[in-house]
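S.K.: Any chance you could fold what I've pasted below:
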Amino acid sequence: MNKNVRYISNLTRDTYAIILAGGRGSRLHELTDWRAKPALYFGGKFRIIDFPLSNCINSGIRRVGVVTQYKSHSLIRHVSRGWGHFKKELGESVEILPASQQTFGNWYEGTADAVFQNIDIIRHEIPKYVMILSGDHIYRMDYAGLLADHAESEADMTVCCLEVPLEEAAGAFGVMEVDENNRIIGFEEKPENPKPIPGKPDKCLASMGNYVFNTKFLFDQLKKDAINERSERDFGKDIIPNIIKEHNVFAFPFTSAIENEPAYWRDVGTLDSFFQANMELLSPTPALNLYDAKWPIWTYQEQLPPAKFVFDDEDRRGMAVDSIVSGGCIISGAKVKRSVLFDEVRVCSYSSVKDSVLLPDVVVMKNCKIQNAIIDRGCIIPEGMQIGYNHDHDRAKGFRVSEKGITLVTRKMLGLAVGYE
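M.R.: Down below sits the predicted model:
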């Protein structure tokens, strides 16, 4: 075996990953009323949590804990069904770590506290490294390179980062300054005026919310933070700023495998960014390649029949163009254009859907016209309804219209029963 391959294999085997998946995603409004943001659907058949989980498994990290909190029923159900087949006896597992009030009787109070409350579980795994990952971003990344960089630089902590435009980072991301060796010498959590990268006045170095720690060092810092009454129990606000002066904390730049191309990473934290990221997948050569057999995105999926397109009359033709159409969908004498249809969507005769995202189990009745819309799971669009053509009319119906003119429709807005999804 190649010595470098064996070295990487040892690093990944000695790593325990924690995915922080308890976030609400309040800027997604009603789309996360009944589900945590990491449980939100994406790309026709996946959920957001599938991306960091797949990155772990594809990178060779087979011991993973998923920290849950906010409205976690659908998230727990999805992870249990799709990721519960790993064998603990073989040194691999994907475990749910709900807020169980093991320490002070509190729910998770911040990202650092979420890890602190699971110290005993981590300790039982006896890892050399602990990798802490955000559970609500879309990207593909081989974590082995991050681990190797962490070990070779003899870091106590490594922060994964990427270059972000200043206006995008302002008030949204942790921003860092580094020296010529990528050692972090300054860190601000969500500053309103981020410091630019020297020589790149329009960009800054933003944290992705992904960290690697030496296990003992992590435990020591979490214990100190837990007794600090002024702490907000957060890695970005408290842990990182308090350790960069006296400890070896390095940045690891996340870069694209394609030269001169920006790395693909999306924070789908708003209705507009969620919509846009799904629309990007419709490109003939999208920046996020979901068809790469060497780096598959794993998920739970039901056994569904193939998609079907029926009727071929001039005014009643079942068709879809420049679209993603998932299993169990039936396009019956309707037209779909530049849209993403999740599992078991039905579009009935004489209706048209364009530039839209339809989540699972949506039914579009006859003679409907939908454009520039996000239709939540289980919605039944009444016959003859128009959505996305007149924003004033959309608002009058109780629908939400985003800043960029995307109309969100949920079951509650349609007067239908709601529940966990």
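S.K.: shaky segments in the stretch 51-200 of the chain?
M.R.: 100-105 (pLDDT under 70).
S.K.: which residues of it fall in helices?
M.R.: 73-83, 111-116, 119-125, 143-152, 166-169 (DSSP state H, counting those that start in this stretch).
S.K.: Pick the most buried one from those.
M.R.: helix 111-116 (a mean of 25; mean count of other Cβ atoms under 10 Å). (Glycine included, C-beta is placed from N, CA and C.)
S.K.: packing partners for it?
M.R.: With contacts defined as 3 or more Cβ pairs under 8 Å, 6 or more residues apart in numbering; DSSP states H and E, the packing partners of helix 111-116 are strand 15-20, strand 129-134, helix 215-226.
S.K.: Would you mind finding the most buried of those?
M.R.: Greatest average neighbour count among these goes to strand 15-20 (a mean of 26), per mean count of other Cβ under 10 Å.
S.K.: want to try JSON lines for the helices and strands packed on helix 111-116, with distance to residue 4 as columns?
M.R.: Conversion of these to JSON lines gives the following (distance: least, Cβ to Cβ, whole Å):
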{"stretch": "strand 15-20", "distance to residue 4": "17"}
{"stretch": "strand 129-134", "distance to residue 4": "18"}
{"stretch": "helix 215-226", "distance to residue 4": "24"}
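S.K.: Which of those sits closest to residue 385?
M.R.: In terms of Cβ to Cβ, the element of these nearest to residue 385 is strand 129-134, at 37.3 Å.
S.K.: Tell me the neighbouring strands of that closest one, and mark each as parallel or antiparallel.
M.R.: If you go by DSSP bridges, strand 129-134 pairs up with strand 15-20 (parallel), strand 203-214 (antiparallel).
S.K.: so how far is residue 308 from the residue lying closest to residue 191 once chain neighbours are set aside?
M.R.: Leaving aside its sequence neighbours, residue 191 sits nearest to residue 175 (Cβ to Cβ, 6 or more residues apart in numbering; 5.7 Å). Look at residue 175 and residue 308: by Cβ to Cβ, to the nearest Å, they are 49 Å apart.
S.K.: Of these two, give the one with the bigger neighbour count.
M.R.: residue 175 (26 against 12; other Cβ atoms under 10 Å).
S.K.: Verify the stated contact: that one with residue 197.
M.R.: No. Contact criterion Cβ atoms under 8 Å: residue 175 and residue 197 do not qualify, at 9.8 Å.
S.K.: what's the pLDDT at the closest residue to residue 113 other than its chain neighbours?
M.R.: Excluding the flanking residues, the one nearest residue 113 by Cβ to Cβ, 6+ apart is residue 233, at 3.7 Å. Predicted confidence (pLDDT) for residue 233: 93.
S.K.: Now do the SS call for residue 233.
M.R.: Classification of residue 233 by DSSP: H, G, I helix; E, B strand; the rest coil places it in coil.
S.K.: burial count for it?
M.R.: 22.
S.K.: List the residues that contact it.
M.R.: Contact analysis of residue 233 by Cβ atoms under 8 Å, 6 or more residues apart in numbering lists 109-113, 116, 225-226.
S.K.: all helices for the stretch 301-421 of the chain, in order.
M.R.: Under DSSP H, counting those that start in this stretch, the stretch 301-421 of the chain gives helices at 391-396.
S.K.: which regions of it lie under the pLDDT threshold?
M.R.: 419-421.
S.K.: Take the helices of the stretch 51-200 of the chain and write them to CSV, including distance to residue 378.
M.R.: What follows is the helices of the stretch 51-200 of the chain, written out as CSV (distance: least, Cβ to Cβ, whole Å):
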stretch, distance to residue 378
helix 73-83, 12
helix 111-116, 31
helix 119-125, 35
helix 143-152, 35
helix 166-169, 33
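S.K.: Let me know which of these is the nearest to residue 418.
M.R.: helix 73-83 (12.4 Å).
S.K.: what's the closest one packed up against?
M.R.: helix 50-59, strand 63-68, strand 93-98.
S.K.: which one of the ones you listed is the most hemmed in?
M.R.: strand 63-68 (a mean of 25).
S.K.: Could you check the angle that strand makes with helix 50-59?
M.R.: 170 degrees (axes from the mean of the first three to the mean of the last three Cα atoms, to 10 degrees).
S.K.: tell me which strands and helices strand 63-68 is in contact with?
M.R.: Against strand 63-68 (3+ Cβ pairs under 8 Å, 6+ apart) you get strand 15-20, helix 50-59, helix 73-83, strand 93-98, helix 119-125.
S.K.: Can you say which of these is nearest to residue 368?
M.R.: helix 73-83 (27.0 Å).
S.K.: export the closest one as PDB, just CAs?
M.R.: Output of helix 73-83 as PDB, limited to C-alpha atoms (Å, rounded to 0.1, in the frame of the first residue of the first chain):
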ATOM      1  CA  HIS A  73     -38.300  14.600  14.100                       C
ATOM      2  CA  SER A  74     -37.900  14.500  10.300                       C
ATOM      3  CA  LEU A  75     -34.100  14.900  10.500                       C
ATOM      4  CA  ILE A  76     -33.800  12.000  13.000                       C
ATOM      5  CA  ARG A  77     -36.200   9.900  10.900                       C
ATOM      6  CA  HIS A  78     -34.200  10.600   7.700                       C
ATOM      7  CA  VAL A  79     -30.800   9.900   9.300                       C
ATOM      8  CA  SER A  80     -32.100   6.700  11.000                       C
ATOM      9  CA  ARG A  81     -33.500   5.300   7.700                       C
ATOM     10  CA  GLY A  82     -30.700   6.400   5.400                       C
ATOM     11  CA  TRP A  83     -27.700   6.200   7.600                       C
END
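S.K.: residues in contact with that helix?
M.R.: Residues outside helix 73-83 that contact it (Cβ under 8 Å, 6+ apart): 21, 34-36, 38-39, 47, 49-50, 53, 66, 68, 94, 96, 98, 298-301, 420-421.
S.K.: How far off centre is that helix?
M.R.: Chain-centre distance of helix 73-83: 15 Å, with Cα atoms, centre = their mean, to the nearest Å.
S.K.: what's the angle from that helix to helix 50-59?
M.R.: 30 degrees.
S.K.: Residue 346: what's it in contact with?
M.R.: 329-330, 332, 362-364.
S.K.: In those residues, find the pair that's most separated.
M.R.: Farthest pair in these, by Cβ to Cβ: 332 and 362, 13.6 Å.
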